[in-house]
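1. Prediction below, plus the sequence it came from.
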Amino acid sequence: MRFAVSPMWEVVTSFRLQNSASVHPVHRRWVEQVRPRVQAAGLDRGWLAELIPPSGYVPDFLNPAPSGPAPTPSVELAAILAAPVGRVRRDLDHLEHHQGRRGPRLRSLYAEPRARLVRVAEEIETYWELALAPYWARIRAVLDADVFYRARQVAEHGVGHLFNDLHASVSWSDNALRVVRRQRTLSRETAGTGLLLVPSAFAGPGPHTRVSLPEPPQLAYPARGVGSLWEPRALTGTNAIAAVLGRSRTLLLTELESPASTTELAHRTGISAAGVSQHLTALRDAGLVSAHRAGRSVLYARTSVAESVLAASA
């Protein structure tokens, strides 16, 4: 058994959430920021919209088994592009069985998996840049904290305690792991090379499973701490940082509680657009902000380094 943080699990679960007709109470602030960008890019009616239905089964090839504890999006995209043709078609057959139909893009993907997977990967990259990359430092902090907590549970109390604390629908008894409403029975001999536990910021309200032998089974579960993921964080004691970075750059960092463009930051702070651009370039070179393409504009976001600096000052 091992843990892994998977960008593709976050892509699949978050896309379903932001594309839902209902508004998730925990993720409302994120959805309100991201949904307009996703719709402007046409992703709400593209490949992902056909591959990730509002509920139920999602093709297994979209969630390749993470190759390490924290693979990059590019590594997981490479695994999707390398998915065997037979697996892609079997997954699409399974999806059609659940949904009752196959849309035009999926018919094209079924006919030409190798060529069309490139289009799927391109759309995933676009979605990542619009919806997840600007927030990844914050999301990753929650996922890493969950893994640390669970690993300590195993060390101090054993695996049984971990599973019984993971989610109400997951339990460990009589030397077996049970998940409510999952019909597939696996033995240690048939379960591949162990079990992958994947914390997710967007999975919910219950866990998700993926079984595609001979790869290890995956259990994606809601991470601890998600409830406060998007809450505004009060920043105090920024005078000390301003003495080092300058007041304008410190102000820009505090304004990047949510990702924003140069124009937005200029409007909020009163600093000229040229000045904002110059300061952001310096902050980016120092590793304190990251830049992400969103259509014709660029969104800037605080990095984990900046979050640590601000937290230390507070």
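-> Received, thanks. Numbers count the residues shown, from 1 in each chain.
2. Determine the set of other helices and strands touching the lengthiest helix in the chain.
-> For the chain, the helix with the greatest residue count under DSSP state H is helix 136-157. Packing contacts for helix 136-157, counted by 3 or more C-beta pairs under 8 Å, 6 or more residues apart in numbering; DSSP states H and E, involve strand 2-3, helix 159-166, strand 196-200, helix 304-313. For glycine as for every other residue, the C-beta is placed from the backbone atoms N, C-alpha and C.
3. got the buried residues for the second one?
-> When you say that, I think you mean helix 159-166. Neighbour counts over helix 159-166 (16 or more other C-beta atoms under 10 Å) mark 162, 163, 166 as buried.
4. Over to the longest one?
-> Along helix 304-313, the positions that meet the burial threshold by neighbour count (16+ other C-beta under 10 Å) are 304, 306, 307, 309, 310, 313.
5. Max pairwise distance over these: which two?
-> 304 and 313 (15.1 Å; C-beta to C-beta).
6. Show me where the stretch 201-314 of the chain has its strands.
-> 208-210, 218-222, 289-294, 297-302 (DSSP state E, counting those that start in this stretch).
7. What helices and strands are in contact with the shortest one?
-> With contacts defined as 3+ C-beta pairs under 8 Å, 6+ apart, the packing partners of strand 208-210 are strand 218-222.
8. what sits up against the strand it packs on?
-> Strand 218-222 is contacted from outside by 6, 9, 13, 63, 65, 166-167, 170, 179, 195-200, 203-211, using C-beta atoms under 8 Å, 6 or more residues apart in numbering.
9. related to what we said a few turns ago, just the buried residues of helix 159-166 now: which is nearest residue 32?
-> Using C-beta to C-beta, the buried residues of helix 159-166 come closest to residue 32 at residue 166, 30.0 Å.
10. Now residue 60. Nearest residue, chain neighbours left out?
-> Distances taken as C-beta to C-beta, 6 or more residues apart in numbering place residue 212 nearest to residue 60, at 4.3 Å, with adjacent residues excluded.
11. mind checking how far that neighbour is from residue 142?
-> 27 Å (C-beta to C-beta, to the nearest Å).
12. What segments of this structure are helices?
-> For the chain, the helices defined by DSSP H cover 7-18, 28-40, 47-51, 73-81, 85-99, 104-111, 113-127, 136-157, 159-166, 239-245, 247-255, 262-269, 273-285, 304-313.
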